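K.L.:
Fold the following for me, if possible:
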Amino acid sequence: MGETDINSYDIVNSDNGIVGTVEYTYHTAVKGFKVTQSRTQKDKTGNTIVDERW
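P.N.:
Here you go, the predicted structure:
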């Protein structure tokens, strides 16, 4: 168990059209207080562009 915060963002172009999304996850484990973070960026068709974890 732990606590997880998930934030989602839209990526917009200069015409305010949505061209992709980013999801940022921040997870804190209860035991040991280990923190993990991730970022996943997808284009508007759902293809993963960036998938990072640290």
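K.L.:
all strands of the chain, in order?
P.N.:
2-12, 18-29, 35-43, 48-53 (DSSP state E).
K.L.:
Dump the ones you listed into CSV; add mean neighbour count as well.
P.N.:
Backbone N, C-alpha and C define where each C-beta goes, glycine included. As requested, those are exported to CSV (neighbours: other Cβ atoms under 10 Å):
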stretch, mean neighbour count
strand 2-12, 11
strand 18-29, 14
strand 35-43, 14
strand 48-53, 10
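K.L.:
Take those strands and write them to a markdown table, including mean pLDDT.
P.N.:
Shown next, in a markdown table, are the strands of the chain (pLDDT from 0 to 100):
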| stretch | mean pLDDT |
| --- | --- |
| strand 2-12 | 95 |
| strand 18-29 | 97 |
| strand 35-43 | 97 |
| strand 48-53 | 98 |
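K.L.:
How much space separates Ser14 from Tyr26?
P.N.:
Applying Cβ to Cβ, to the nearest Å, the value for Ser14 to Tyr26 is 30 Å.
K.L.:
Identify the bridge partners of the closest residue to Val50 other than its chain neighbours.
P.N.:
In space, and not counting its chain neighbours, Val50 is closest to Gln41: 4.1 Å by Cβ to Cβ, 6 or more residues apart in numbering. Bridge pairing for Gln41 (DSSP bridges) gives the partners Val22, Val50.
K.L.:
what sits against Gln41?
P.N.:
Contacts for Gln41 (Cβ atoms under 8 Å, 6 or more residues apart in numbering) come out as Ile11, Gly20, Thr21, Val22, Thr48, Ile49, Val50, Asp51.
K.L.:
Same question for Tyr24.
P.N.:
Ile6, Asn7, Ser8, Tyr9, Gln37, Ser38, Arg39.
K.L.:
can you do 7 Å?
P.N.:
Asn7, Arg39 (Cβ atoms under 7 Å, 6 or more residues apart in numbering).
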